[in-house]
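Q: pasting the structure only:
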DNA sequence: CATGAATGAGACTTCATTCAT
DNA sequence: TATGAATGAAGTCTCATTCAT
């Protein structure tokens, strides 16, 4: 992406860079956050430790790349499922609602589908200091937001079609995201086996209250939910 | 709480223990989670590193104590403001709504009022591996949940008084907490100055949608909000 | 022993001292040599760490006491079994041979009977630096040797009765001890399961060759061995 | 041995590895076993502490290497002197006896010739806990035993030539080793100046009794001893 | 482009010992 | 006599990073 990698040199370099990021992601996946050390990563790639510094100026830079990669994967998820919704034969207002629920469920089930990625995103959001220098990160933020622009669009569409009351679509998108993010984080309390904290019902509770609070008709919501469930089921696990 | 520290020895010990926890909290506050190392902590206290191990058997144990301390402080906040609501002259249904909004705002404004504590809680929740050994932590979880039992109680009261539709109070409390927690974490995106992410409006958006989604009448909500705002205003800052 | 503990104060002190030594011995027994730390020892005794220094000026001094205690226990063993031999009805030459074999077997089976004590003795002998300042230790050496004087005496008796050829009894006693000590140490190679290293047959081999080398008649040796085996059997384990 | 270190990199690495082992050996030599700490070792080599971990994954691994080094040196000794015996013009039975005595004296005089190595071996055998994890060490044990296979061979030859009675050669070799090991350890009691403990006469006593006990004719033994003394004299000292 | 040796700081923890109370 | 707080040094090991080759 960005400048087209024309020369063979540049192509090779891009390939290696990608392999590093992928492997780093795998390390985090398999062993948690602190399993990602430069030496282990190098070892895994059959490189010497120093070699990594040809591709990333620091560990932080590498981390940022890993996080971006995860975001991209999530965005791809979103796009795929949105396409599946488009393929359905639905009225405009219903379609908008389904789109919203599908997007929400894609995000909400991430911890089940790819736990390591979810953990990484959570940690990213939860730990300001893991964000690289603002200067470096800022140019990427709009690009990132663009990846997720489908959600505010869906909110706008839903209002236009009368499925929801009027309201700032961007703010609603962010609010939805925030709520789901919070729910996802509680997932780790699962191991304490306190019943009311289970993630599944929690997400259902949140989605229902929010959408109805934003003006969805209860029956419309139920119908949309069952359709969304068909596209993003509950118990899926991909684990990479 | 618990055993009254009778002997002077025990009193002194309790004092030192508290001082250690407080200082540890400060370190996390000032330098992020990984700024809390045993040696730095000891240095800060003018102790030898080993001395800390007379008070806590391991770093994990100390961390747990710090986390509990923050939770207790927050619980105290909640109790104080709840008492302020009790002092108001309100109908049962309105009172229940105000209680809910007050609790929500106490939590939601924590990042403004005591940024360090909020950061710590966020990080705690955001980083599974920072949770101490399940074995050690489990006995404390019910105790912690008890501290926050006021919120589910308020939900139950609200339903009973007809201010909200029926629904599992505990699950609603958790859902509310999750949403606010998610909103709080987005706060750190503030520095990227993307408008829709601002915390204040975001929280308002979430609270409104949720409570109305759970059956609150819009005018009742507005009234309750303005009363809650009086008790937990927006721009407060206590720092540390 | 030594000065009679007349005053009640002194009696109490002696008792505590003994308790400390006993507990130290138990710690080594249970957890190996490095399990004996001053704080753990104090903890075990419900004392504060500093208290031990009222009874022993240093850890080394304590260690010495523990080692002496083990030696005394071993000497007691030897005396008991020797008495059992005396109770038998035997010719003078046979009795002398049996005495020797019994003494040898008492020592050789120590690792089976009380592994920790054997380990301690081995370590003591194997690690010069664990011996406290020569100055402190020297006065005790003759006392220790006296405890084991039965063995050279038995050698002298055996020569006098014609059961063995003439030879310096003391030197033979020491040689016997050395050989058995060496055999005992190989015991730890047992876990490598190399067959020829097994302790039982090894000791038999050594005893047989030595005594016959010193002039014992083979039949006399076999007879004496079976009698000694009756008094100090093979597989015993006391483990304290 | 093993892979020829072809590349310059590998050669350099092998050299450094050897230097580390040698220096570690020296530290043990000079200050006892616990003088060998990673930091001191690194300091001695003008390295940072962490650098050692490029060559040995843990302190235990390093210790194992040091122990193996000492064993190898001893095996070399044995082979050299055995070759000297082979060069003599002797009858088969006498040669076998001389071989045995030479091997025994090589081991028995180690404390005089290279005190540090003897101390290390003694301590190694004397302290079970210093033996590295069984898992790691086991593969090396047969290799080590092979180095010393000359001794059981000599026992077999002696029996075959009629110089000794029949008997399991391996067990005799181990028994001999054990006895000498025990004698060597008593050497440290020398400083207490108790006469019967002197190492020289003690070893003579043991060797004579064992070999005659195993069937050697006294005159043959005396003759073999004087020849062995010529090849491994008493008072030699190489130090380090 | 890649190696691999090396740094230097810092991580947590344990221990023998001292000393005011 | 005993406590318990505290020291200070030392222990092993890990990690991000640099640099000559």
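A: Thanks, I have it. Since the structure is predicted, the reported quantities are computational estimates derived from the model, not experimental observations.
Q: ok, residue A:169 - how many residues close by?
A: 20 (other C-beta atoms under 10 Å in any protein chain shown). Every C-beta, even on glycine, is put in place using the N, C-alpha and C of the backbone.
Q: which non-adjacent residue is nearest it?
A: residue A:155 (3.6 Å; C-beta to C-beta, 6 or more residues apart in numbering or on different chains).
Q: what about that neighbour, which helix or strand?
A: Element membership of residue A:155, judged by DSSP states H and E, is helix A:150-160.
Q: helix/strand/coil for the most centrally placed residue in chain A?
A: Compute the mean C-alpha point of chain A, and by C-alpha atoms, centre = their mean the closest residue is residue A:74, 4.1 Å away. Secondary structure, DSSP: H, G, I helix; E, B strand; the rest coil: residue A:74 is helix.
Q: I'd guessed it sits against residue A:110; true?
A: Yes. Between residue A:74 and residue A:110 there is a contact under C-beta atoms under 8 Å: 6.8 Å.
Q: now the common contact residues for those two.
A: Residues touching both residue A:74 and residue A:110 (C-beta atoms under 8 Å, 6 or more residues apart in numbering or on different chains): A:117, A:121.
Q: so which elements touch the helix or strand encompassing residue A:98?
A: Per DSSP H and E: residue A:98 is located in helix A:92-108. Helices and strands touching helix A:92-108, by 3 or more C-beta pairs under 8 Å, 6 or more residues apart in numbering or on different chains; DSSP states H and E, are helix A:59-86, helix A:150-160, helix A:169-186, helix A:199-213, helix A:218-231.
Q: that helix: which residues count as buried?
A: Residues A:93-108 are the ones in helix A:92-108 that count as buried (16 or more other C-beta atoms under 10 Å in any protein chain shown).
Q: now swap in stretch A:69-86 and tell me
A: Buried residues in stretch A:69-86, counted by 16+ other C-beta under 10 Å: A:69, A:70, A:71, A:74, A:75, A:77, A:78, A:81, A:82, A:85.
Q: just those now: which is nearest chain D?
A: residue A:69 (31.1 Å; C-beta to the nearest C-beta).
Q: check contacts around the closest one.
A: Contacts for residue A:69 (C-beta under 8 Å, 6+ apart) come out as A:21, A:22, A:25.
Q: one more time with 7 Å, if that's ok
A: By C-beta atoms under 7 Å, 6 or more residues apart in numbering or on different chains, the contact list for residue A:69 reads A:21, A:25.
Q: and it, how far is that from residue A:20?
A: Residue A:69 sits 10 Å away from residue A:20, going by C-beta to C-beta, to the nearest Å.
Q: now do the end-to-end distance for stretch A:54-63.
A: Terminal residues of stretch A:54-63 are spaced 15 Å apart (C-alpha to C-alpha, to the nearest Å).
Q: what about it and chain B, any contact?
A: No. Stretch A:54-63 stays clear of chain B (C-beta under 7 Å from any C-beta of the partner chain), getting no nearer than 13.3 Å.
Q: DNA strand E contacts on chain A?
A: Taking C-beta under 7 Å from any atom of the strand as the measure of proximity, chain A contacts DNA strand E at A:13, A:16, A:42, A:46, A:47, A:48, A:49, A:50, A:51, A:54.
Q: distance-wise, check the second one relative to residue A:49.
A: Taking C-beta to C-beta as the criterion, residue A:16 is separated from residue A:49 by 15 Å.
Q: out of these two, which sits in the busier spot?
A: Set residue A:16 next to residue A:49 and count neighbours by other C-beta under 10 Å: residue A:16 wins out with 16 against 13.
Q: setting the sequence-adjacent residues aside, check what's closest to the more buried one.
A: residue A:55 (6.4 Å).
Q: and for residue A:62?
A: Here the residue nearest residue A:62, using C-beta to C-beta, 6+ apart, is residue A:56, at 4.1 Å.
Q: residue ranges of each domain in chain A, please.
A: Chain A breaks down into these domains under automatic domain parsing: A:1-56, A:59-231.
Q: pick the most buried one from the ones you listed.
A: domain A:59-231 (a mean of 19; mean count of other C-beta atoms under 10 Å in any protein chain shown).
Q: any stretches of chain A with poor pLDDT?
A: Low-confidence segments of chain A (pLDDT under 70): A:1-6, A:123-147, A:188-197, A:235-240.
Q: so how far is chain B from the residue in chain A that DNA strand E sits nearest to?
A: Of all residues in chain A, residue A:50 sits closest to DNA strand E, at 2.3 Å by C-beta to the nearest atom of the strand. Applying C-beta to the nearest C-beta, to the nearest Å, the value for residue A:50 to chain B is 24 Å.
Q: just checking, what packs against the helix holding residue A:155?
A: If you count contacts as 3 or more C-beta pairs under 7 Å, 6 or more residues apart in numbering or on different chains; DSSP states H and E, helix A:150-160 packs onto helix A:92-108, helix A:169-186.
Q: out of the domains of chain A, nearest to residue C:208?
A: With C-beta to C-beta as the criterion, residue C:208 lies closest to domain A:1-56 of the domains of chain A, at 56.7 Å.
Q: contacts for stretch A:165-185 next, please.
A: A:104, A:107-108, A:110-111, A:118, A:122, A:125, A:151-152, A:155-156, A:159, A:199, A:202-203, A:206, A:210, A:214-215, B:125-126, B:178-183, B:185-186, B:196-197, B:201-202, B:205-206.
Q: what helix or strand is residue A:117 located in?
A: helix A:115-126.
Q: for residue A:90, same thing?
A: Using DSSP H and E, no helix or strand contains residue A:90.
Q: ok, it - contacts?
A: residue A:98.
Q: and if we set it to 10 Å?
A: A:96, A:97, A:98, A:99, A:223, A:224, A:227 (C-beta atoms under 10 Å, 6 or more residues apart in numbering or on different chains).
Q: could you work out the most separated pair of those?
A: Largest separation among these by C-beta to C-beta: A:99 and A:223, giving 13.7 Å.
Q: one step back: hmm, the residue of chain A closest to DNA strand E is touching residue A:42, no?
A: Yes. Using C-beta atoms under 10 Å, residue A:50 is in contact with residue A:42, at 8.0 Å.
Q: related to what we said a few turns ago, which of the helices and strands packed on helix A:92-108 sits closest to residue B:89?
A: helix A:199-213 (28.6 Å).
Q: is the closest one positioned near chain B?
A: Yes. Residues of helix A:199-213 are located near chain B by C-beta under 10 Å from any C-beta of the partner chain, namely A:199, A:201-213.
Q: next, the angle helix A:218-231 makes with the helix holding residue A:98.
A: Taking axes from the mean of the first three to the mean of the last three C-alpha atoms, to 10 degrees, one finds helix A:92-108 and helix A:218-231 inclined to each other by 50 degrees.
Q: by how many degrees do helix A:92-108 and helix A:169-186 diverge?
A: With the same axes, to 10 degrees defining the directions, helix A:92-108 sits at 40 degrees from helix A:169-186.
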